[in-house]
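Novice: Next input, structure requested:
(2 chains)
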Amino acid sequence: MSIKVYYFASLKEHVGSSEHELDFTQSLTVNEVWLQANATLVLPKNTLAAINMDYVDWDSLVSDGDVVAFFPPVTGG
Amino acid sequence: MAIKIIDHAFDPYYEIQRYQNTQLDHLGAIGATSLFIGTMRDFNQGSQVTGMSLEHYPGMTEKQLELCIEKAKGLWPILDSLIIHRVGTITPNEVIVLIAVWSSHRGDAFDATRYIMEALKSTVPFWKKECLETDAERWVTSNTSG
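Specialist: From the prediction side, this is the model:
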């Protein structure tokens, strides 16, 4: 199975990349996606996660073809 | 209902008038129009700010804005709405966001406008990076209390 992982704003700078492709063979939670993609990086406090552009909890399961995004708290308006 | 994400300066009053003249639904039923226009300050958190860049998550931005409007429509009888939000490079005095809500009665229009604005600030994936007078840059990490 394969997913895309996107990073935005300060988290993109923290990770040093705007996106990753991740291949996996068994179900992963959002938290496990972060750990597989960024094993050596500390996860910044308050980081938010989305699957296919909907906010999700960190224990949500990702599926083949999903787009997972990680980003800091939003500051628009 | 219209949502626009744009990367250039805009005149909110022109946009409202153009929308009213060309796209507004339910004309006869409208008794109230409520507007919120947010502009960029030249100060924030004790520093002079000379500009900022506004990043967003294309696709999720529109999806979450639509959700804000749908939730507001569930709470108040909104007849129509227009949201325009800037991205890209912005300088002080430029408009960041316009929210216009049309309804039959003023209370619904006022309340829905405030609700949409607060929902936008807490859920829609935009991020501001400020450029300070010292040429240093910093990410805005939280919203002001309003």
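
Novice: Which residue comes closest to A:W34 once chain neighbours are left out?
Specialist: Excluding the flanking residues, the one nearest A:W34 by C-beta to C-beta, 6 or more residues apart in numbering or on different chains is A:L43, at 6.0 Å. All C-beta spots, glycine's among them, are computed from the backbone N, C-alpha and C.

Novice: And for the one you found, the neighbour number?
Specialist: A:L43: 14 surrounding residues under other C-beta atoms under 10 Å in any protein chain shown.

Novice: Which parts of chain A are strands?
Specialist: For chain A, strands defined by DSSP state E occupy the ranges A:2-7, A:19-23, A:28-29, A:48-51, A:54-55, A:61-62, A:67-71.

Novice: Out of these, which is the most enclosed?
Specialist: Each of the strands of chain A was scored by mean neighbour count; the highest is strand A:67-71, a mean of 22, by mean count of other C-beta atoms under 10 Å in any protein chain shown.

Novice: Report pLDDT for B:Q23.
Specialist: For B:Q23, the model assigns a pLDDT of 89.

Novice: Backbone dihedrals for the residue nearest to it when sequence neighbours are not counted, please?
Specialist: Distances taken as C-beta to C-beta, 6+ apart place B:A2 nearest to B:Q23, at 6.4 Å, with adjacent residues excluded. Backbone torsions for B:A2, taken as degrees, to the nearest 10, come to phi -140, psi 140.

Novice: Okay, and the beta partners of B:A2?
Specialist: Judged by DSSP bridges, the bridge partners of B:A2 are B:L82.

Novice: Burial check on it, number of neighbours?
Specialist: By other C-beta under 10 Å, 13 other residues sit near B:A2.

Novice: Can you show me the helices along chain B?
Specialist: Applying DSSP state H to chain B gives helices spanning B:12-22, B:60-75, B:106-123.

Novice: and B:T141, which of those helices is closest to it?
Specialist: helix B:106-123 (13.3 Å; C-beta to C-beta).

Novice: Could you confirm whether that closest one reaches chain A?
Specialist: Yes: using C-beta under 8 Å from any C-beta of the partner chain, helix B:106-123 reaches chain A at B:117, B:120-123.
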